[in-house]
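Asks: Make a model of this:
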Amino acid sequence: PTVTQPQVEIQAADPVVARHLRVPEGDQVVSRHQKRLIDGKPYSLQTSWYPFRYVEQGATELLRAVDVPQGIVEYLREELGIVQESYQDLIEVRPPNDIEIAFFGLARGSGISICEIRRTAYDDDRRPCRLTITVYPSDRNLFLVNVGDVPRDDLTENAG
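Replies: You can find the predicted model right below:
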């Protein structure tokens, strides 16, 4: 898999981001957007948003358009003591928008849906610390969710 370098922006929180991060609409947030490809074929688009106060508190790596070697979750723990303790996924299947049609190379009217996963992560004080929205076209992705110690078996090996 290939993951592009993140595109980083400071944005005003739109209603969706504001609701999930529990910040006022229009508050400054940091967005980090990446494209994921497998064998050169686009498989997903992902954007994560973080409250700008993390940058003000010293987590300035959020603003750099590079991958953070230990990952953002670990970086925030090391830098600010923010421990991601839980998350909630909201999953929606919907038609693709124009950006998704272009990136994934979908034909208009093809009937291929987009699976959108909105993950809101919470710290150990149950405050939202990250919103990640990932979109996947339904014609090239399968989802297998394991929770706990699940044994490997033929179902996992032959999911496709």
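
Asks: Which secondary structure state is assigned to the residue sitting nearest the centre point of the chain?
Replies: Compute the mean C-alpha point of the chain, and by CA atoms, centre = their mean the closest residue is Thr132, 3.1 Å away. Following DSSP: H, G, I helix; E, B strand; the rest coil, we place Thr132 in the strand state.

Asks: ok, it - contacts?
Replies: Thr132 makes contacts with 46-49, 117-119, 121, as judged by CB atoms under 8 Å, 6 or more residues apart in numbering. Backbone N, C-alpha and C define where each C-beta goes, glycine included.

Asks: Just name whatever secondary elements the strand or helix carrying Arg19 is in contact with.
Replies: Assessed by DSSP states H and E, Arg19 sits inside helix 15-21. Under the contact criterion of 3 or more CB pairs under 8 Å, 6 or more residues apart in numbering; DSSP states H and E, helix 15-21 touches strand 41-51, strand 114-123, strand 128-137.

Asks: got the buried residues for it?
Replies: Applying a neighbour-count criterion of 16 or more other CB atoms under 10 Å, the buried positions in helix 15-21 are 17-18, 20-21.

Asks: circling back: tabulate the contacts of Thr132 in TSV, adding columns for pLDDT and distance to Pro128.
Replies: What follows is the contacts of Thr132, written out as TSV (pLDDT from 0 to 100; distance: CB to CB, whole Å):
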residue	pLDDT	distance to Pro128
Gln46	97	17
Thr47	98	15
Ser48	98	12
Trp49	98	10
Ile117	96	16
Arg118	96	12
Arg119	95	11
Ala121	96	7
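
Asks: If you rank these by neighbours, which is first?
Replies: The most crowded member of these, judged by other CB atoms under 10 Å, is Trp49 (25 neighbours).

Asks: hey, C-alpha coordinates of stretch 143-157 in CSV?
Replies: Extracted as CSV, the C-alpha positions of stretch 143-157 are listed here (Å, rounded to 0.1, in the frame of the first residue of the first chain):
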residue,chain,number,x,y,z
PHE,A,143,-14.3,-4.9,5.9
LEU,A,144,-13.5,-7.5,8.6
VAL,A,145,-13.9,-6.3,12.1
ASN,A,146,-12.3,-8.3,14.9
VAL,A,147,-12.8,-7.3,18.6
GLY,A,148,-10.8,-9.2,21.2
ASP,A,149,-8.7,-12.3,20.6
VAL,A,150,-10.2,-13.8,17.5
PRO,A,151,-8.6,-17.0,16.1
ARG,A,152,-7.4,-17.0,12.5
ASP,A,153,-9.5,-19.3,10.4
ASP,A,154,-10.7,-20.0,6.9
LEU,A,155,-13.3,-17.3,7.1
THR,A,156,-10.6,-14.7,7.7
GLU,A,157,-8.2,-16.1,5.1
